[in-house]
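[1] need a 3D model of the following:
(2 chains)
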Amino acid sequence: MSSWEDDDSAAAAAAAAAASTDVELLKRAWRNEKASPEILRFDSPLVSRVREQIQLLEETLDDFGESGVDDLVVSLYQMDLDRTLFLLRSYLRLRLQKIEKYMMHISKSEDLLSRLSQQEQRFAKSCTEMMEKHLEQSVLSKLPYGYDSVTRQSLSSTEDDMGIPFDLIIIPEPQLDTFVFCKTKSDVGAFQLDDIGEEVVDLVADDLYVLRYKSIKGLVESGQIDLI
Amino acid sequence: MAGQSDPHLSIFSPSEVEFVAEDEIVEIVPNIRMEALNMICGDFGPFFPQIASKVPLWLAVALKKRGKCTIRTPDWMTVDRLTQVLDAERESPKEFQPLPFHYIEISKLLFDHARDDISDAYLVRSLIEDIRDVRFHKVETGLETISGRTHAVKLKNLSAMEVNIVRPFMVRTLQAFYKHDSPQMIQQADNTGSRPTPVTDRGPRRDLRRSLVSSRLGKNWYLLTVNL
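    Next comes the predicted model:
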């Protein structure tokens, strides 16, 4: 390693090799999930693979304890385990927070629901039910007809005077036109940011951009771009 | 409220950024013999005394803390290299020099745990601090150039910690401009909000956007803007 270029390419090669490890993939999912305003697709096979590896290492560590392996080695494996556990827990907890925040919005849409794991779907469902029941009992049942909907301000008006539908205001929704920091993995080329082709940006490999999430959503989903 | 991002969901804590940086690979020279470690995050070793080996930073620090190795200072962390970088940073006010994505965290961890392995540690540290300051100043100056006609920002070579620090300002600024520049807002100002207007009618915005140019402010810091 004599120069940065070498450093960079060595790092890139290492990253490419490491990208195949499940922890690396999980870390990418965690970072994307953290930086994206909406909930992303849950990678069930990946998470269950990581779970298996965690379980395996936990068993190995138990065996180590009995067979008197060097304390140093045990502590290093323990650190590896702790780091992986942290990543997995943080990832799952992050998703639960998002689901809790946008539960009404998520449970309205089949597409969004399909991004959740089975357990998350159950969570979203029971959460929504509880929230609706609570609102119903504490407030809505005491309001007159036409004003007793969970999702709408009133039956008669679907829009306020600014032309914004009321149900958008009542149900919290992720803000998709927020700006996100992202890094390109490979050349994407000229990329259109808006619907009418007036905003075009040339996405070069390994560059850092601040762009509107809505316009690069597809690239995040297809894995061409990483949020940071 | 629209125009505000949720800080809890979208921002990494400094310790989380450090957690990510701890996976960067460094070179160590162990003084003990240890069998290969087959960990969840990858396979490392076997280790032999005085023979250099590549491991993640967290593993290097763990071994260093127990006095089992010395950590080789990365090539970019030498006085010569950093002096070059600092000069280049000062000479080109619109560009960031290439440094490792996690240079701030890596150098901090090495200073905290392997100070005795760094030659001219004092000088190296003050050079890195100077480089940080110069770069942050550029970021701040760059923020001032954002306007309502900015729909993408390119920040080549900005590092992880720098992204994390500038994120709230950058995102809020861009969002505020985007929000007030949106056709709905312009329409509202025109019509005093009396009639709902279809979103597809881009109205006055289209005229503004017709003469789009990408003005490059230097090689790496450019904003895509519109000439009025």
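
[2] now do the helices in chain A.
    Counting by DSSP state H, chain A has helices at residues A:4-18, A:22-35, A:44-67, A:71-101, A:103-108, A:110-114, A:118-138, A:166-170, A:213-221.

[3] how about those helices in CSV, adding mean pLDDT, distance to B:Ala176 and mean neighbour count?
    In short, each C-beta sits where N, CA and C put it, glycine included. Output for those, formatted as CSV (pLDDT from 0 to 100; distance: least, C-beta to C-beta, whole Å; neighbours: other C-beta atoms under 10 Å in any protein chain shown):
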stretch, mean pLDDT, distance to B:Ala176, mean neighbour count
helix A:4-18, 48, 35, 13
helix A:22-35, 94, 20, 20
helix A:44-67, 93, 37, 13
helix A:71-101, 95, 22, 17
helix A:103-108, 89, 24, 20
helix A:110-114, 92, 28, 12
helix A:118-138, 93, 31, 14
helix A:166-170, 54, 20, 15
helix A:213-221, 91, 16, 18
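
[4] can you list the ones you listed in TSV and add distance to B:Asp87?
    Formatted as TSV, the helices of chain A follow (distance: least, C-beta to C-beta, whole Å):
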stretch	distance to B:Asp87
helix A:4-18	15
helix A:22-35	33
helix A:44-67	45
helix A:71-101	38
helix A:103-108	52
helix A:110-114	51
helix A:118-138	52
helix A:166-170	53
helix A:213-221	35
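
[5] and the residue positioned nearest the centre of chain A, how close does it get to B:Gln175?
    Nearest to the geometric centre of chain A sits A:Glu33, at 2.4 Å (C-alpha atoms, centre = their mean). Distance, A:Glu33 to B:Gln175, using C-beta to C-beta, to the nearest Å: 20 Å.

[6] same question for A:His105.
    Applying C-beta to C-beta to A:His105 and B:Gln175 gives a distance of 20 Å.

[7] for the residue nearest to the centre of chain A, give its distance to A:Phe86.
    Counting by C-beta to C-beta, the gap from A:Glu33 to A:Phe86 is 15 Å.

[8] domains of chain A?
    Per automatic domain parsing, the domain ranges recorded for chain A read A:1-101, A:103-173, A:175-228.

[9] quick one: which of these is nearest B:Asp75?
    Shortest separation from B:Asp75 across these is recorded for domain A:1-101, at 5.5 Å, computed as C-beta to C-beta.

[10] from the chain's centroid, how far away is the closest one?
    15 Å (C-alpha atoms, centre = their mean, to the nearest Å).

[11] residues in contact with the spatially most central residue of chain B?
    Nearest to the geometric centre of chain B sits B:Ser159, at 2.5 Å (C-alpha atoms, centre = their mean). Residues near B:Ser159 by C-beta atoms under 8 Å, 6 or more residues apart in numbering or on different chains: B:Leu99, B:Pro100, B:Phe101, B:His102, B:Tyr103, B:Ile104, B:Arg135.

[12] same question for A:Leu208.
    A:Phe181, A:Cys182, A:Lys183, A:Ile228, B:Lys154, B:Leu155, B:Lys156, B:Asn157, B:Leu158, B:Val163.

[13] so what's it closest to, chain neighbours aside?
    Take A:Leu208 and drop its neighbours on the chain: the residue closest to it by C-beta to C-beta, 6 or more residues apart in numbering or on different chains is B:Leu155, 4.7 Å away.

[14] and what of B:Val139?
    B:Val166 is the one closest to B:Val139 (C-beta to C-beta, 6+ apart), at 5.2 Å.

[15] my guess is that neighbour contacts B:Leu143, does it?
    Yes - the pair B:Val166 / B:Leu143 is scored as a contact, 7.4 Å apart, by C-beta atoms under 8 Å.

[16] of those two, give the one with the bigger neighbour count.
    B:Val166 (19 against 14; other C-beta atoms under 10 Å in any protein chain shown).

[17] which secondary structure element contains the more buried one?
    For B:Val166, the host element (DSSP states H and E) is helix B:160-181.

[18] ok, residues contacting that helix?
    Against helix B:160-181 from outside (C-beta under 8 Å, 6+ apart): A:177-181, A:208, A:210, A:212, A:228, B:2-5, B:7, B:10-12, B:14, B:17, B:20-21, B:101-102, B:104-105, B:135-136, B:139, B:143, B:146-151, B:153, B:155, B:158, B:185, B:205.

[19] please repeat the previous calculation with a cut-off of 6 Å.
    Identification of contacts with helix B:160-181 by C-beta atoms under 6 Å, 6 or more residues apart in numbering or on different chains yields A:179, A:181, A:210, A:228, B:3, B:5, B:12, B:17, B:101-102, B:104, B:139, B:146, B:148.

[20] now, which of the residues you listed sits nearest B:Lys65?
    B:His102 (19.9 Å).

[21] quick one: contacts for the closest one?
    Counting by C-beta under 6 Å, 6+ apart, B:His102 touches B:Ala21, B:Glu24, B:Ala160.

[22] and the pLDDT at the last one?
    So the one you mean is B:Ala160. Looking at B:Ala160, its pLDDT reads 93.

[23] same deal with B:Arg210?
    Reading off the model, B:Arg210 has pLDDT 30.
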